[in-house]
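>>> how does the following fold in three dimensions:
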Amino acid sequence: MEPGPRNLITDVAGLRVGNASDAALKSGVTVLTADAPFVASVHVMGGAPGTRETDLLDPDRTVQEVDALVLSGGSAFGLGAAEGVMAALRAAGRGVAVGPARVPIVPAAIVFDLLNGGRKDWTDSPYPALGRAAFEAAEADFALGTAGAGTGATSATLKGGLGSASCVLASGVTVGALVVANPVGTVTDTAGRFWAAPFEVAGEFGGLGAAGPAPTMPPTKMGPAQSTVIAIVATDARLTKAEARRVAVAAHDGIARAVLPSHTPADGDLVFALSTGATDHPAEALWAIGHAAAVCLSRAIARGVWLAAPAPDDPLPTWTERFGAGRGAAGA
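Numbering: from 1, shown residues only. As a prediction, the model looks like this:
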């Protein structure tokens with residue numbers, strides 16, 4: 001699978017992503033949107049999800065399209081980021097028409113980053129303002145690593161981050177992934193080689209080679225509701241909500257291939273899947289889109305960790321701090 005020109009989810013034409021973060025808070029928000037509403041669905045496999053408007057994404061629900069998707073830090077407080085996005089969309093005249101009113105549809109998911117060394121002594125939640133700022137910053141190019149909703153992310157042994165990757169199938173269909181890598185489990189072996197290495201393209205997370213044998217029980221940051229991998233996978237292939245749901249289900253394999261262990265009771269692992277509907281695809285190609293989404297998601301998780309940057313009072317080292325000596329800087 002060849003990546004798109006940016007190797008970002010925005011290689012799916014028409015999509016834009018924006019980040020906003022607060023360095024003192026060690027948290028932030030990432031928003032995906034487009035110029036027109038898009039089909040979306042979702043699948044949750046973690047035991048501790050934090051979500052907003054996800055029931056609406058079931059295939060049998062009335063509303064068929066959404067205006068934006070929000071990934072946020074802040075645990076349940078971060079769900080308020082969607083309020084800021086809704087306000088910006090409403091100001092732009094976006095949303096489902098209900099008589100003279102318009103109601104923007106903004107599903108959201110959160111990660112737990114409240115114990116990462118950042119200041120959490122705020123009185124009024126910062127997340128609505130961060131959500132609006134992320135929406136207003138949305139462009140085709142955006143930062144990875146310690147950015148947006150990945151600002152305060154951690155894994156069991158390393159600092160986490162925001163990752164993205166894309167691929168173009170032989171049919172011409174484009175698939176991409178966007179992820180906040182904040183799992184209970186590990187993303188590398190003890191030598192820093194990524195579990196996702198079999199799917200790496202062109203050294204995008206260091207070209208370190210295959211990881212060593214998987215341990216019987218990898219290290220974890222086990223605790224009640226303290227982790228999560230939340231992701232968006234996207235394609236320009238025209239999908240129904242039911243087909244998007246199947247792609248979201250398939251994409252969870254990408255988490256399992258990149259994180260050990262994954263889908264635990266303390267994770268809130270969730271994948272949104274969306275379609276811009278720009279191109280048709282043969283019905284039998286749906287399996288290929290799902291597989292590509294899983295591969296892109298594995299790569300995106302590794303890239304998010306690989307590109308993480310250090311900050312004061314981090315509870316865990318970045319990949320570069322722990323393993324980078326003599327190997328070149330992360331992102332090189």
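>>> roughly how far is the lengthiest strand in the chain from the heart of the chain?
For the chain, the longest strand by residue count, based on DSSP state E, is strand 27-44. The gap between the average C-alpha position of strand 27-44 and the chain average comes to 10 Å, counting by C-alpha atoms, centre = their mean, to the nearest Å.
>>> after it, next one along is what?
Read in the C-terminal direction, the helix or strand following strand 27-44 is strand 51-52, with elements assigned using DSSP states H and E.
>>> just checking: what are the partner strands of the helix or strand following that next one?
Remark: after strand 51-52, the chain's next helix or strand is strand 66-72, criterion DSSP H and E. The strands that strand 66-72 pairs with in its sheet are strand 27-44 (antiparallel), strand 108-110 (parallel) (by DSSP bridges).
>>> would you mark the buried spots in the longest one?
Buried residues in strand 27-44, defined by neighbour count with 16 or more other C-beta atoms under 10 Å: 27-34, 37-44. (Glycine included, C-beta is placed from N, CA and C.)
>>> which stretches of the stretch 51-200 of the chain have low pLDDT?
In the prediction, the stretch 51-200 of the chain carries no residues with pLDDT under 70.
>>> repeat that with 90
For the stretch 51-200 of the chain, residues meeting the criterion pLDDT under 90 lie at 62-64, 96-101, 115, 117, 171.
>>> where do the strands sit along it?
Secondary structure of the stretch 51-200 of the chain (DSSP state E, counting those that start in this stretch): strands located at 51-52, 66-72, 96-98, 101-103, 108-110, 161-168, 174-182.
>>> what's the most distant pair in the buried residues of strand 27-44?
By the measure C-beta to C-beta, Ser27 and Val39 form the most distant pair in the buried residues of strand 27-44, at 29.7 Å.
>>> and the lengthiest helix in the chain, how far out from the chain middle?
The longest helix of the chain (DSSP state H) is helix 286-306. Taking C-alpha atoms, centre = their mean, one finds helix 286-306 lying 11 Å from the centre of the chain it belongs to.
>>> with stretch 12-20 instead?
Using C-alpha atoms, centre = their mean, the distance from the centre of stretch 12-20 to the centre of the chain it belongs to is 12 Å.
>>> quick one: buried residues of it?
Val12, Gly14, Leu15, Arg16, Val17, Gly18, Asn19, Ala20.
>>> helix, strand, or coil at the closest residue to His291 other than its chain neighbours?
The shortest distance from His291 to any residue that is not its chain neighbour, by C-beta to C-beta, 6 or more residues apart in numbering, is 6.5 Å, and that residue is Ala250. The local conformation at Ala250, judged by DSSP: H, G, I helix; E, B strand; the rest coil, is helix.
>>> what is the burial count for Ala250?
When counting by other C-beta atoms under 10 Å, one arrives at 23 neighbours for Ala250.
>>> which ones are touching it?
Ala250 makes contact with Trp287, Gly290, His291, Ala293, Ala294, according to C-beta atoms under 8 Å, 6 or more residues apart in numbering.
>>> try Arg322
Contacts for Arg322 (C-beta under 8 Å, 6+ apart) come out as Thr157, Leu158, Gly192.
>>> most neighbours of all those, which one?
Using other C-beta under 10 Å as the contact criterion, the top neighbour count among the contacts of Arg322 goes to Leu158, which has 24 neighbours.
>>> which parts of the stretch 201-332 of the chain are strands?
Using DSSP E, counting those that start in this stretch, the strands of the stretch 201-332 of the chain run over 228-237, 270-279.
>>> the first one packs against which elements?
What it means is strand 228-237. Taking 3 or more C-beta pairs under 8 Å, 6 or more residues apart in numbering; DSSP states H and E as the contact definition, the neighbouring helices and strands of strand 228-237 are strand 66-72, strand 108-110, strand 174-182, helix 241-258, strand 270-279, helix 286-306.
>>> so what angle separates the directions of that strand and helix 286-306?
Put simply, strand 228-237 runs at 130 degrees to helix 286-306, going by axes from the mean of the first three to the mean of the last three C-alpha atoms, to 10 degrees.
>>> go on, the last one?
Between the axis of strand 270-279 and that of helix 286-306 there is an angle of 120 degrees, by the same axes, to 10 degrees.
>>> what about Trp122, distance to Ala23?
In this view, Trp122 and Ala23 are 14 Å apart by C-beta to C-beta, to the nearest Å.
>>> just Gly47 next, same as before
Using C-beta to C-beta, one gets 31 Å for the distance from Gly47 to Ala23.
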